[in-house]
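*Asks:* from the sequence below, what's the structure:
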Amino acid sequence: MADSIRFTLNGEPVEVSGSSPMTTVLDWLRDHRGLKGTKEGCAEGDCGACTVVLERADGRHEAMNSCIAMLGQMDGQAIRTVEGLLGKDGAPHPVQRAMAEADATQCGFCTPGFVMTAYAYASGGEPAELETIHDALAGNLCRCTGYRPIVEAMTKIVGIATEAASLPAPRVGSATFDGRFFAPRSVDELTALRAKHPEALLLAGGTDLGLLAGRSRKPPEAVIHVVNVPELNVIDEGNEELTFGAAVTYARAMPVLIEAFPALRPYLARLGSRQIRTLGTIGGNVGNASPIGDMPPALLALETRVKLVSVRGTREVALEEFFIGYRKTALAPDEVIQSLTLWRLREGESFHCDKVSKRRDQDISTVAGAYRLRIENGKIEDVRLAFGGMAATPKRASHAEAALLSGGFEAARSALAKDFQPLDDWRGTAAYRLQVATNLLRRLELRIADPTRPVEVEAL
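*Replies:* So this is what the prediction gives:
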């Protein structure tokens, strides 16, 4: 018999049976609960009209795209919609009042999504600084171009007191919803399910997989949801290495990554929106093996190793050996990514990275580059150069690395053509991509020559 999905909705316990766990949270809220404030704009996690807030047991409040989140993912969670902000007497929440007083509503279609993003931002205690506010709003689009009053409202709501969510009692053991959605609670349950159902898709954050249920309305036949497995949620901050469980979200990983590698701050701020980073995971970004995923080039430059687990045991694979073809990996049918381990910077090393896309926010990379160098007495003694968007897989530029060590940056730029024969698509031609990668190496040269010299991040 299938288990029911249990979560907290606007502070009240909910138990769902009879609805497909593959239903998007957005469709369930609107069609089954009549909560029409949450809107569908794009159905692919870009516009933010569908934003709701996940309320964590530790008091964190995180904005989330409900259009690409599946109902089964909400088991054990707490969700708040715009209707849940109203007081018991129907009085508007301070965030709603601030939006109204600033005339920040315009046509009103996108307003509930902005309100929920603002609620998550305000409850996080972040400073009312424009850079932070713009980062918080990057996942919400206003087609009336009413951003100025929205930003004004955001400056007035910082520090709203919120309470930790009341979550359902934790489950003991694996859960199954509708016979197709498996939710293991231990690595042993996970590997047993994977061995039994090798055809099932592995679901972590679902920011990519969720498009099947949202935009395409063709949800997968079977899913194994991995985020409740403790071993996949570990963050280990060692003296020499960092290890992230495959189900660790970017929202959790970012503070650790940025402290270790400050160059990642602007880079990760462009890895989707806050709504995407709430659910999106490092393991998922690697596991889907997209040639234009943002994180793999950085992980390649940082010598990442991938730990794979199955009923047969565990094994470790260097990330550069994990990607074996377009959307293909070294993962066996019965294996799951358990964790990823990367080196901290050693003495004399520096790390830099760049993302080039058609627009700054909420866009997929045309070319992404990451570079780790060891410099001694003014000479580059070791280097790792990695790029995305330049081949069928994220890939190191081995010819350019060798040329850089033997002949300098000009030789490295010339050698890039031996490493990559980029694809042509609507994001950029092969010639454009090769020129961009060449320019990025020139930018790296300028950074190394004079670290105090500002290098424009966006312009090439």
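*Asks:* got the contact list for the residue in the chain sticking out farthest from the centre?
*Replies:* Farthest-out residue of the chain from its mean C-alpha position, per C-alpha atoms, centre = their mean: Asn377, at 38.2 Å. If a contact means C-beta atoms under 8 Å, 6 or more residues apart in numbering, then Asn377 has no contacts. In short, each C-beta sits where N, CA and C put it, glycine included.
*Asks:* now stretch 376-390: how far from the chain's centre is it?
*Replies:* Its chain's average C-alpha position is 26 Å from that of stretch 376-390, according to C-alpha atoms, centre = their mean, to the nearest Å.
*Asks:* residues of it that come out buried?
*Replies:* By 16 or more other C-beta atoms under 10 Å, the buried positions in stretch 376-390 come out as Ile380, Val383, Arg384, Leu385, Ala386, Phe387, Gly388, Gly389, Met390.
*Asks:* in the stretch 101-250 of the chain, which spans are helices?
*Replies:* 111-123, 130-137, 147-154, 187-196, 210-213, 250-260 (DSSP state H, counting those that start in this stretch).
*Asks:* farthest pair within the buried residues of stretch 376-390?
*Replies:* Across the buried residues of stretch 376-390, no pair lies farther apart than Ile380 and Gly389, at 24.5 Å, counting by C-beta to C-beta.
*Asks:* tell me how far the spatially closest residue to Gly272 that is not a sequence neighbour lies from Leu130.
*Replies:* Once flanking residues are discounted, Gly272 sits nearest to Gly280: 6.0 Å by C-beta to C-beta, 6 or more residues apart in numbering. From Gly280 over to Leu130 the distance is 25 Å, taken as C-beta to C-beta, to the nearest Å.
*Asks:* neighbour count for these two, which is higher?
*Replies:* Each of Gly280 and Leu130 has its neighbours counted (other C-beta atoms under 10 Å); Gly280 has more, 26 against 11.
*Asks:* I figured that one hits Thr249, correct?
*Replies:* Yes - counting by C-beta atoms under 8 Å, Gly280 touches Thr249, with 6.4 Å between them.
*Asks:* buried set for the helix or strand harbouring Leu342?
*Replies:* According to DSSP states H and E, Leu342 maps onto strand 336-343. With burial defined by 16+ other C-beta under 10 Å, the residues of strand 336-343 counted as buried are Val336, Ile337, Gln338, Ser339, Leu340, Thr341, Leu342, Trp343.
*Asks:* quick check: angle from the helix or strand that it is followed by to strand 336-343?
*Replies:* Sequence order places strand 349-356 as the next helix or strand after strand 336-343, per DSSP H and E. Per axes from the mean of the first three to the mean of the last three C-alpha atoms, to 10 degrees, the angle that strand 349-356 makes with strand 336-343 is 120 degrees.
*Asks:* and the very next helix or strand once past strand 349-356, which strands flank it?
*Replies:* Using DSSP H and E, the helix or strand that follows strand 349-356 in sequence is strand 367-376. Strand 367-376 pairs in its sheet with strand 349-356 (antiparallel), strand 379-388 (antiparallel), by DSSP bridges.
*Asks:* just put the ones you listed in TSV and tack on mean pLDDT.
*Replies:* Compiled in TSV, these are given as follows (pLDDT from 0 to 100):
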stretch	mean pLDDT
strand 349-356	96
strand 379-388	97
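*Asks:* for the longest helix belonging to the chain, C-alpha coordinates in PDB please.
*Replies:* In the chain, taking DSSP state H as the definition, the longest helix is helix 430-449. In PDB, the C-alpha atoms belonging to helix 430-449 read as follows (Å, rounded to 0.1, in the frame of the first residue of the first chain):
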ATOM      1  CA  ALA A 430      31.700  27.400 -32.700                       C
ATOM      2  CA  ALA A 431      33.900  30.400 -33.700                       C
ATOM      3  CA  TYR A 432      32.300  32.600 -31.100                       C
ATOM      4  CA  ARG A 433      32.800  30.100 -28.400                       C
ATOM      5  CA  LEU A 434      36.400  29.500 -29.300                       C
ATOM      6  CA  GLN A 435      37.000  33.300 -29.300                       C
ATOM      7  CA  VAL A 436      35.300  33.700 -25.900                       C
ATOM      8  CA  ALA A 437      37.500  31.000 -24.400                       C
ATOM      9  CA  THR A 438      40.600  32.700 -25.900                       C
ATOM     10  CA  ASN A 439      39.500  36.000 -24.400                       C
ATOM     11  CA  LEU A 440      38.900  34.400 -21.000                       C
ATOM     12  CA  LEU A 441      42.500  33.200 -21.000                       C
ATOM     13  CA  ARG A 442      43.600  36.800 -21.800                       C
ATOM     14  CA  ARG A 443      41.500  38.000 -18.900                       C
ATOM     15  CA  LEU A 444      43.200  35.400 -16.600                       C
ATOM     16  CA  GLU A 445      46.600  36.700 -17.800                       C
ATOM     17  CA  LEU A 446      45.600  40.200 -16.700                       C
ATOM     18  CA  ARG A 447      44.400  39.000 -13.400                       C
ATOM     19  CA  ILE A 448      47.700  37.100 -12.700                       C
ATOM     20  CA  ALA A 449      49.800  40.000 -13.900                       C
END
